[in-house]
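1. Sharing a sequence plus its predicted fold:
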Amino acid sequence: MGRLPVYQRILEELLRSGTTTVSSELLGSLARVNAAKVRKDLSLLGSFGTRGAGYDTAFLVAQIDRELGLNHVWPMVIVGIGNLGRALAHSQGFIARGFQVMALLDTDPTVIGEEIGDVVVRHFDALPDIVADQSLAIGVIATPASAAQGVADLLVESGVHSLLNFAPKVLTVGPEILLRYVDLSIELQIMSFYQSRRSIPGSEVMPVIRSIGLTSANLD
C-alpha cells in the first residue's frame, strides 16, 4: 500500500514525458525497489503486464487509482483555518486526486464568514448540522494541539471516521477510526537524528529511511 502512491507519481511523470510503456525494471529503478517486488506489488492489482513488453503506463495509472479509491470523489472538511488550514484549502492537489473540500470550520470570529475558494468558513459548532446535510468522508485537523482532541471527538461523534491530523498532538480515538498523522516536526527530528550520527567521527554509516524512493528494506 505504501508503495502504490510512489509508483503512481512516477508513472504520471513518465506519462507527461511521453512514455507509454514501462517495464518493472524501469519502475523499480525509479522507485528504488527491485523489479521482482514491483511485479509482486502490481500482481495484486490484477494480471495485465506483458512479458517482454512491460505495462501500459496510462492503464497502470488507472488501475492504481482504482486500488487507492481515487476513482471516487471524497468530500472532506478542514478544521482550523490558520496558515496551514488556508494552504490546505487552496491545494489543487486535493482536487486532482478526487478529494473535494466541502466545509471549512474555525472558532475565530474574524475568520468565520470568510470565503476561501468557493467555500465559506463556518463555526466549528455547525459540524453536526453540516454532516447531517452532506456526508463527509475525511476530517482534516489543522488546529493548535490544545484543540485537536476536542475536534477529533466531535468529528467522530458527527460521523466522520477518517481523520488526517496535522496538529502536534497524539489523539485518542476508537479502533474503528482511520487516523493518520502528518507532523513536520517529527520528520525534522528524524533528519536531526541522522544528521547528528553523520557528524560523529568514525560512526557507522546508517541506512537512511526514505519517504519517496523507498528501498525494499524500508517497506517489506
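-> Thanks, I have it.
2. Following the chain past the worst-scoring helix or strand of the chain on mean pLDDT, name the next helix or strand.
-> Every helix and strand in the chain was compared by mean pLDDT, DSSP states H and E; the lowest is helix 92-96, with a mean of 72. Sequence order places strand 99-106 as the next helix or strand after helix 92-96, per DSSP states H and E.
3. how about the helix or strand hosting Ala132: buried residues?
-> For Ala132, the host element (DSSP H and E) is helix 127-133. By 16 or more other C-beta atoms under 10 Å, the buried positions in helix 127-133 come out as Leu127, Ile130, Val131. Glycine gets a C-beta too; all of them are placed from N, C-alpha and C.
4. which other helices and strands contact it?
-> If you count contacts as 3 or more C-beta pairs under 8 Å, 6 or more residues apart in numbering; DSSP states H and E, helix 127-133 packs onto strand 74-79, strand 99-106, helix 145-158.
5. packing partners for the first one?
-> Packing contacts for strand 74-79, counted by 3+ C-beta pairs under 8 Å, 6+ apart, involve helix 83-89, strand 99-106, helix 127-133, strand 138-141, helix 145-158.
6. neighbouring contacts of that strand?
-> 85, 88-89, 94, 98-106, 124, 127, 130, 134-143, 151, 155, 160 (C-beta atoms under 8 Å, 6 or more residues apart in numbering).
7. What of the last one?
-> Around helix 145-158, the neighbours that count as contacts under C-beta under 8 Å, 6+ apart are 77, 79-80, 124, 127-128, 130-131, 139, 141, 143, 163, 165, 167-169, 171-174, 177, 179.
8. What does the pLDDT read for Ile212?
-> For Ile212, the model assigns a pLDDT of 43.
9. got the contact list for stretch 4-20?
-> 22, 27, 30-31, 38, 41-42, 56-58, 60-61, 64-65, 67-68, 212-214.
10. Any of those buried? List them.
-> Listed as buried from those are 22, 27, 30-31, 38, 41-42, 56-57, 60-61, 64-65, 67, 214; burial here means 16+ other C-beta under 10 Å.
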